[in-house]
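Enquirer: predicted model follows, preceded by the sequence.
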Amino acid sequence: MKKQVVAAVGMMGLTGVLASCGTTAVVVTDPVRNVQILEYTSQYVLPTAYTDTNTGTQYPAGSPVICDNFSTALSATLDWDGDAARFAFQLEGSKGGKATVLTGTSASGNGYSGNPTTFQITVGAGVAPLKVNAAALGAQGIVVDPVNTFTVRGVTFLNIQGQSRDGSVSNVAQSVNGIPVADCTN
């Protein structure tokens, strides 16, 4: 009987201690990682094959191009693991210069990839490195327009990095090929 009373008093004490504690919620973040650029395209494409005389790089007809004298919509389809709060899209010129654009959450709204998601940014005229200004995120699809004539001024690469809700960042994924930056007419 004495052991039962001590046990009952002990349980009441433990219950009292637990009841006096405030509730604490633990939020676990699944950091964004393994960001991959599956494909990217531009509103404008090269009408014919082009060879960069400075580097010898060959670009086939239909390759994406950033028109330096027009605003140009770029889209990139990404895949990643974890929970992404936002993505930073950076254009990095082969001759130097960088422009960074932050987006909101993924198109699915919950930040998890689950399947590839396409984002779109608009690069303003005169913005692609070479020199840098702001750009904006858009949700509409891109209508591809071949350009009639062009003069390639340089090449820029697309870098993308994810950020989790806790502030941790992913690897930086870079486009495999540079995107020619050109003065265009259409």
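Expert: Yep, it's here.
Enquirer: going by C-alpha atoms from here, please, whenever you check contacts or count neighbours.
Expert: Noted.
Enquirer: partner strands of the strand ranked longest in the chain and their direction?
Expert: Using DSSP state E, we find that the single longest strand of the chain is strand 149-163. Each strand that pairs with strand 149-163, with its direction, by DSSP bridges: strand 86-93 (antiparallel), strand 169-174 (antiparallel), strand 179-185 (antiparallel).
Enquirer: now the helices for this structure?
Expert: 2-20 (DSSP state H).
Enquirer: once you drop chain neighbours, what's closest to Trp48?
Expert: Trp isn't right for residue 48; it's Thr. Among residues not flanking Thr48 along the chain, Ala61 sits closest, at 4.2 Å (C-alpha to C-alpha, 6 or more residues apart in numbering).
Enquirer: show me what contacts that neighbour?
Expert: With contact set as C-alpha atoms under 8 Å, 6 or more residues apart in numbering, Ala61 has these partners: Val45, Leu46, Pro47, Thr48, Ala49, Tyr50.
Enquirer: ok, Tyr40 next?
Expert: Applying C-alpha under 8 Å, 6+ apart, the residues near Tyr40 are Leu74, Ser75, Ala76, Thr77.
Enquirer: please redo it, this time with the cut-off set to 10 Å
Expert: Pro64, Leu74, Ser75, Ala76, Thr77, Leu78, Thr118, Phe119, Gln120, Leu158, Ser175, Ile179 (C-alpha atoms under 10 Å, 6 or more residues apart in numbering).
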